[in-house]
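S.K.: Build the 3D model from these lines:
(one chain, ligands or ions: 2)
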Amino acid sequence: PETIYLKDYKPFSYTVQQVDLLFRLAANATRVISKIAFAPNPQAEDQAENRRFFLHGEGLKPISLKIDGTPVTPREVPGGIELDAPDAPFTFEAEVEIDPAANTALEGLYMSNGMYCTQCEAEGFRKITYYPDRPDVLAPFDVRIESDLPVLLSNGNPGTSGPGFAEWSDPWPKPAYLFALVAGDLIAHPDTFTTRSGNTVDLNVWVRPGDEGKCAFAMESLKKSMRWDEEVYGREYDLNTFNIVAVDDFNMGAMENKGLNIFNSSAVLASSETSTDANFERIEAIIAHEYFHNWTGNRITCRDWFQLCLKEGLTVFRDAQFTADQRSEPVKRITDVIDLRGRQFREDNGPLAHPVRPDSFVEINNFYTATIYEKGAELIGMLKRLVGDEGYAKALDLYFTRHDGEACTIEDWLTVFEEATGRDLGQFKRWYEQAGTPRLSFTESFNNGTYTLTFKQQTPPTPGQPNKDPRVIPIAVGLLNPNGDEVQPTTMLEMTEAEQSFTFDGLATKPIPSVLRGFSAPVILEHESDTQTRAFLLAHDTDPFNRWQAGRDLAQESLLTMLRDGAGPDNAYLDALLSLLRDDTQDPAFRALALGLPGQDDIAQTLADQGQTPDPQAIWEAFETLKHARAEAFQDVATRLYAQYQVTAPYSPDAEQSGARALANAAMGMINRLDGGALAQKQFDSADNMTQQLAALSALIAVGKGDAAVARFYDQWQADRLVIDKWFSVQITGARPDEAADVAQRLTQHPDFTMKNPNRFRATLGALAMHPAGFHHASGKGYALLADNLIALDPLNPQTTARMCTSFQTWRRYDADRQALIKAQLERLLATPDLSRDTTEMVSRILG
Ligand code: B3K
Ligand code: ZN
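M.R.: Ligands and ions are numbered 1, 2, ... in the order given. Just a heads-up that it's a prediction; the model follows:
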């Protein structure tokens, strides 16, 4: 397959003035009739000599094509068609036929439970009709839909409608990837929102009949997001309608199509009985994310797909700010860092490492990664730390005024910051260009009242990038006195060299440093520290992130020592954690987080970084031992916390109640190890919300007492797909390592398992991959099961297949036997006839 390079970017030879689309919907033979006004692009003057009128098109059955009313015969070229076109404005008309019912890839126009819907980002519009399907071609769209289905939706403002048809008009020029169409038997949960300049916007959350009771939370989240973007970024909504549609079969979370966001139903539907607190929080964040794209993504879009982080990194950053404002800032920061380390660091340290702005790709859908999204958001956070809040606000205002209506690059973005703040961002740009996670280490010295911190940074090579230049790293540091007082509040050090010292004067005693507060940069902080210092920081640091980090470091050290020396759990860790748990002045959500352990995969990565070969089974056992030791040591406090943090008020998914439930459930998990499931059974039997019911089910499975509850849960929820997804997952993630692959295998035979629903596929095979000791079982059965299913899924849904191949990305960490087993599966995958471009690219990169 062909590799596309950033350096080859050229503007399109033509601009599009107007797009008119008519859809005559039919399951197997939808007609798409387009009329598109083109004009030579003044920005592509250099191409005047050999202007090329190329249109993308994939899997289209052409019925008729015309230029200025005259039928034309196109030349078929790879990826589309070429035509002879005038060197002056002209109209191109096409009628094509497509087959949405046969579209299992869930890209382009497809069907889900009798409903038509679209997914065009990144390159799906070319499966709908012939078009310059690239983000730098912007145009207003008018759409007419003809169908007997009752609800017919597209982008923009509603126009005329009547029995069997509806018209929509989107005045804001947009690239084709933001096009959307929905048609179905849907029910609206309606509301309105008045913008700060007084426009009333009709809001609707559209769902299938039966789901209308689960829309209120999404609607509230939408209204909060709209208000927040006005208040914090000064951004107002710009159409008189905003629609959200829930779709069961969807490849990712949601999509920000202009005025018509399409969502995976798991990212919309919420009720206390069927959704966990974590589900509610995720829904609120995704609603906000897609809404925020209206400005960062839609009004200002990307010039080409290499610039994807321009909209994604920024929008993730914005949705994180929003969540921090709605809930708890430290809790949001900590959970984001856990996620970043679990997914992005893992990517950055393996064969799939790529820069936040890549310079080449084969299949762009393979680049919707944790690096583009989450590391992209970290880059915005660093930029804000470097230029300060005011500089950031000025730069964003300039960005919105200067680039509204344009398709931009990272250069445009950085220039705005340079002009608004007067700062040179030449070195900062390396963060966009260099892949890999920097390792940051430091040493300290103390002399005559002067304390010196000397930092070193170093980034290991990544594929195609053997050498790395030093980056600018904002390092937030605070200093504490041995008595626990803070002698130096948080200060932002700016490291620009490979090695650099910073001094603090006038100190009476050698302080204890708190480094990288708030996780001020996406780096791996490597610092040998003694248990005592960590316990001290856990008790005294004023920075909540670093307090949490100190606890996590203690847990990690303890686990590593257990693995290395066969030692028992570290008492200093247990003591420090116990004091924290007992301290009722501490936020319950924070205490629940402090009780969390590093991921088993994080420990595997740390061992690999230290040049050791991780044994997933041994890691699992060390975790079990540690969890058991904690349960015994914390017995009393767990019993007290469980009782104390039962919520008696009516259910609310807010931060306070979910924090209480998280801590009570963590306490229940500990008690569960000692009482053989008695408390969990009680909680399962009486739970009136999914947060408690699912935690209890998982606890019962963990102690081998889950059979009856698993059966009951299924009977209770069999009509609810999203809950049944949980039922599939929890049985696998809770299985013993030697059984996880067998459980997953058995569940793939269950009548409710289907390859055609990405949520269900992920709930089953994805759950196995998230169980490191089960997936990496020495027999290789986990690898074989995943590969079997990926081979079966690829012809149906290449995007989801390719994404799930990432489960194999860490293969080189493991012992020779496991490596050979994984390699054999990867090679088997790669040898599959007609393997998709998506999966071929992923497997080839993973093999290296
Ligand atoms: N922009 C979409 C993702 C599209 C993924 C295409 N494979 C969702 C989001 O980031 O908001
Ligand atoms: Zn996004």
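S.K.: Any buried residues in the longest helix anywhere in the chain, and which?
M.R.: Looking across the chain with DSSP state H, the single longest helix is helix 376-403. Using 16 or more other Cβ atoms under 10 Å as the test for burial, helix 376-403 gives 376-387, 391-396, 398-400, 403. For glycine as for every other residue, the C-beta is placed from the backbone atoms N, C-alpha and C.
S.K.: what does the helix or strand just after it contact?
M.R.: Of the helices and strands lying after helix 376-403 in sequence (DSSP states H and E), the nearest is strand 407-408. Residues from elsewhere that reach strand 407-408, judged by Cβ atoms under 8 Å, 6 or more residues apart in numbering: 135-136, 138, 175, 300-303, 307, 310.
S.K.: Likewise for stretch 558-572?
M.R.: 531-532, 535, 554, 557, 573, 597-598, 603, 606-607, 618-619, 622-623, 625-626, 629-630.
S.K.: Could you identify the buried members of those?
M.R.: Buried, going by 16+ other Cβ under 10 Å: 531, 535, 554, 557, 573, 597-598, 603, 606-607, 619, 622-623, 626, 629-630, out of those.
S.K.: So which of the residues you listed is the closest to ligand 2?
M.R.: Comparing the buried ones among the contacts of stretch 558-572 against ligand 2 with Cβ to the ion places residue 598 closest, at 27.9 Å.
S.K.: That closest one is in contact with residue 553, isn't it?
M.R.: No: at 9.2 Å, residue 598 does not count as touching residue 553 under the criterion of Cβ atoms under 8 Å.
S.K.: Enumerate the residues of the stretch 351-500 of the chain near ligand 1.
M.R.: Within the stretch 351-500 of the chain, the positions near ligand 1 by Cβ under 6 Å from any ligand atom are 365, 368.
S.K.: Nearest to ligand 2: which residue in the stretch 351-500 of the chain?
M.R.: Closest to ligand 2 within the stretch 351-500 of the chain is residue 373: 7.1 Å, counting by Cβ to the ion.
S.K.: can you count the residues close to that residue?
M.R.: 22 (other Cβ atoms under 10 Å).
S.K.: again, but for residue 589
M.R.: Residue 589 has 23 nearby residues by other Cβ under 10 Å.
S.K.: so what's it up against?
M.R.: 328, 331, 655, 658-659, 662-663.
S.K.: and what of residue 672?
M.R.: Counted by Cβ under 8 Å, 6+ apart, residue 672 has contacts 631, 679-680, 699-700, 702-703.
S.K.: do the same with residue 735
M.R.: 701, 742-743, 771, 774.
S.K.: Neighbour-wise, which one of the contacts of residue 589 leads?
M.R.: residue 663 leads those on contacts (other Cβ under 10 Å) with 26 neighbours.
S.K.: list the buried ones in the helix or strand encompassing that one?
M.R.: In the assignment (DSSP H and E), residue 663 maps to helix 655-675. Residues of helix 655-675 classed as buried: 655, 657-673, 675 (neighbour count, 16+ other Cβ under 10 Å).
S.K.: swap in stretch 801-813?
M.R.: Applying 16+ other Cβ under 10 Å to stretch 801-813 flags 801-811, 813 as buried.
S.K.: Pull the number of nearby residues for residue 506.
M.R.: Applying other Cβ under 10 Å, I find that residue 506 has 9 neighbouring residues.
S.K.: so when I look at it, I'm seeing a strand, right?
M.R.: No: going by DSSP: H, G, I helix; E, B strand; the rest coil, the assignment for residue 506 is coil, not a strand.
S.K.: Nearest residue to it in space, please, no chain neighbours.
M.R.: Excluding its sequence neighbours, the residue lying closest to residue 506 (Cβ to Cβ, 6 or more residues apart in numbering) is residue 449, at 5.6 Å.
S.K.: wait, the one you found sits on residue 507?
M.R.: Yes: with contacts counted by Cβ under 8 Å, residue 449 reaches residue 507, the gap being 5.3 Å.
S.K.: out of those two, which sits in the busier spot?
M.R.: residue 507 (16 against 12).
S.K.: packing partners for whichever strand or helix holds residue 715?
M.R.: If you go by DSSP H and E, residue 715 is part of helix 707-717. On a contact count with 3 or more Cβ pairs under 8 Å, 6 or more residues apart in numbering; DSSP states H and E, helix 707-717 meets helix 690-702, helix 721-733.
S.K.: Reformat those as JSON lines; add distance to residue 239, mean neighbour count and mean pLDDT.
M.R.: Shown next, in JSON lines, are the helices and strands packed on helix 707-717 (distance: least, Cβ to Cβ, whole Å; neighbours: other Cβ atoms under 10 Å; pLDDT from 0 to 100):
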{"stretch": "helix 690-702", "distance to residue 239": "35", "mean neighbour count": "24", "mean pLDDT": "98"}
{"stretch": "helix 721-733", "distance to residue 239": "30", "mean neighbour count": "22", "mean pLDDT": "98"}
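S.K.: Convert stretch 423-443 to CSV, retaining C-alpha atoms only.
M.R.: Listed next in CSV are the C-alpha coordinates belonging to stretch 423-443 (Å, rounded to 0.1, in the frame of the first residue of the first chain):
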residue,chain,number,x,y,z
ARG,A,423,7.8,33.8,22.8
ASP,A,424,10.0,31.8,20.5
LEU,A,425,8.5,28.3,20.2
GLY,A,426,11.1,26.8,17.9
GLN,A,427,12.3,24.4,20.5
PHE,A,428,8.8,23.6,21.7
LYS,A,429,7.9,22.5,18.2
ARG,A,430,10.1,19.4,18.8
TRP,A,431,7.3,18.1,21.0
TYR,A,432,5.2,17.8,17.8
GLU,A,433,8.0,16.3,15.7
GLN,A,434,9.8,13.9,17.9
ALA,A,435,8.2,10.7,19.1
GLY,A,436,9.1,9.0,22.3
THR,A,437,8.7,9.8,26.0
PRO,A,438,11.6,11.7,27.5
ARG,A,439,13.2,10.3,30.6
LEU,A,440,13.8,12.9,33.2
SER,A,441,16.1,12.4,36.1
PHE,A,442,17.6,14.6,38.8
THR,A,443,20.2,14.8,41.5
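S.K.: Many thanks, have a good one.
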